[in-house]
Each structure stands twice: as C-alpha cells, then as structure tokens.
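> structure for this input, please:
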Amino acid sequence: MKTNYLPKNKKILLYKRVTLFLLGIFILGTLIFSVFDSILLRVVSPIWQGESWIMRTVSKEAGIWRGRERLLEENFSLKEKVQSLEIELASLRTGENSLALLGRSSDEEGIVAGVLTHPPKSPYDILVIDAGVQDGVEIGERVFLPEGPEVGVISDTFTRTAKVKLFSSSGVVTPAVLERHAVSIELEGLGAGNFKIIVPRDTEVQVGDRVLSAYVNSSLLAIIEDVEQKPTDSFKEAIARSPANIFSLRLLVIKP
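Residues are numbered from 1 along each chain as shown. Model (predicted):
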C-alpha cells in the first residue's frame, strides 16, 4: 500500500492560506461592522441630537413660562396693592383699614362679603356677593369698598347670596355733594363705573374733584375725570368715574 504525503513546504503554504483566509474574513467582518456601525450612528445621531435639543428647549421654555407666570402674578399683586392704596388715598378714610377681612363679621364695621360675579359676567353694573339673608344682609343696605368708598346698595337678597346695584348702573340717580364748595348735585350712572354730572355754568368744577355721598358721614363716590362746557350753554357737564375697578372687585363691606 502506497501512502501519499504532501511535501512539507506545501503544508506550510496551505496553513498560511487558511490563516490568511480566516484573517481576511475577520478583517472584512470588522470593516463591515464598522461601516454599518458608522451608518447606524449617522442615522441615529441626529435623532439623539434632536431629542436632546427638544428636551433642552422644552426645559428652557418651561422655565421661561414658569418665570413669566411668577412675574405676571407678582405684577398683578402689585397692581392690586397700588390700586388699593390709590383708592385709600382718594377716600381719606383711614378708619376702614382696620377691617378684619379674614372672616365675615356683623359688628359695627359691617359684613364683609366676597364678590362672586361682576361685569361683564353680570350685566348693568350688578354684582353678586357671597353673603345673604343668613348673614344678616338686607335690601337697601349700603355697600362699600374695604378702603372706604361707597359703590352701591343691596338690591336683592337670597339665603346665601345677594345682589349689589352699583351707583354707576345706567340711569341710576344718586344724591351727592361736589366736595368743592359743598355743592349739592345728582350723580347719574352711565354704566361701566362712569357717571355724569350737570351743574350750572358758574359752578366751579375741575378734573380730580371728589364727589361725596350726601350723608353726614360722607364717603367717596366718584372722581371728576372730564369737564365739558360750550360758551352758549347755561350748564356744563362733567364726567366722573368710580374709584373702584368694578371689573375686578373681590371684597365688599355691607353696612346699614
């Protein structure tokens, strides 16, 4: 029997070829993986970057929005404080500041009530308050701002609520006094917190003059904003405005 053996140098050559073949496969696989990995990264990277940008943008916008909300709240609060101080200064009723507004009371300082609805939700300068018959509120009682000015009267009462008819309601005529020279006048409501006053042309009236209630313990009703007079007229007309912003009232005080 004859046995065939490969020459030694052929065995070495075959081994090298096999080794090179395997090495080539390894290198090729590495290159293919690298290429596909690179392509995958190119495809996914923009998505990751976009997601990161969106998250940063959303986070930034959320922070800005929260900051804006805080600024708006602070601005609104400051405006309310300024408005309250302006009304208080205009009314010059320092005694009213001692009201305990944290709860409803029925002592000599009056019944404190919250405003449920105001214009434009309720028409014709009508307010709805959260105090009624069970709290001692009665028709005809006078209604004031916490700072002092008088704004209207109780027109209807219910068990737990009541309606306030403002003096500025269209067509409502309220006896009043023009503080300058204590001239008796009639304050006619025009709606939306506005009034009209007609006085003889010789009666002195200027922008900024105060209009007071006709009671002995008078309170501020309105402030003159404009005066119109024609040379041929025997009377002149003045436009006044309530010291209160009737569209944002929150608290009122009811007194007999």
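
> point out where the stretch 101-250 of the chain drops to low pLDDT.
For the stretch 101-250 of the chain, the stretches with pLDDT under 70 are 101-108.

> can you map out the strands along it?
Secondary structure of the stretch 101-250 of the chain, counting by DSSP state E, counting those that start in this stretch: strands at 111-117, 126-129, 142-144, 150-157, 162-166, 173-178, 183-191, 194-200, 210-213, 220-228, 235-241.

> most tightly surrounded among those strands?
Most buried of these, by mean neighbour count (mean count of other Cβ atoms under 10 Å): strand 162-166, with a mean of 24. Using the backbone N, CA and C atoms, a C-beta is placed for each residue, glycine as well.

> can I get the CA coordinates of that strand in CSV?
The C-alpha coordinates for strand 162-166 follow below in CSV (Å, rounded to 0.1, in the frame of the first residue of the first chain):
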residue,chain,number,x,y,z
ALA,A,162,-77.3,88.9,47.4
LYS,A,163,-77.2,91.4,44.5
VAL,A,164,-75.5,94.8,44.7
LYS,A,165,-76.7,97.5,42.3
LEU,A,166,-73.9,99.9,41.7
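
> now it against strand 183-191, angle please.
Using axes from the mean of the first three to the mean of the last three Cα atoms, to 10 degrees, the direction of strand 162-166 lies 120 degrees away from that of strand 183-191.

> what sits up against strand 162-166?
Under the criterion Cβ atoms under 8 Å, 6 or more residues apart in numbering, residues 113, 125-129, 131-133, 137, 143, 151-157, 172, 189, 193, 242, 246, 252, 254 lie in contact with strand 162-166.

> identify the residues contacting the residue lying closest to Ser248 once chain neighbours are set aside.
Of all residues beyond its chain neighbours, the one nearest Ser248 is His118 (7.4 Å), with distances taken as Cβ to Cβ, 6 or more residues apart in numbering. By Cβ under 8 Å, 6+ apart, the residues touching His118 are 127-128, 246-249.

> Throw those into JSON lines and include distance to Gln229, thanks.
Output for these, formatted as JSON lines (distance: Cβ to Cβ, whole Å):
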{"residue": "Leu127", "distance to Gln229": "34"}
{"residue": "Val128", "distance to Gln229": "39"}
{"residue": "Ile246", "distance to Gln229": "28"}
{"residue": "Phe247", "distance to Gln229": "30"}
{"residue": "Ser248", "distance to Gln229": "33"}
{"residue": "Leu249", "distance to Gln229": "33"}
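
> and stretch 142-157, end to end?
13 Å (Cα to Cα, to the nearest Å).

> swap that for stretch 117-128, sorry
Distance between the boundary residues of stretch 117-128 (Cα to Cα) amounts to 5 Å.
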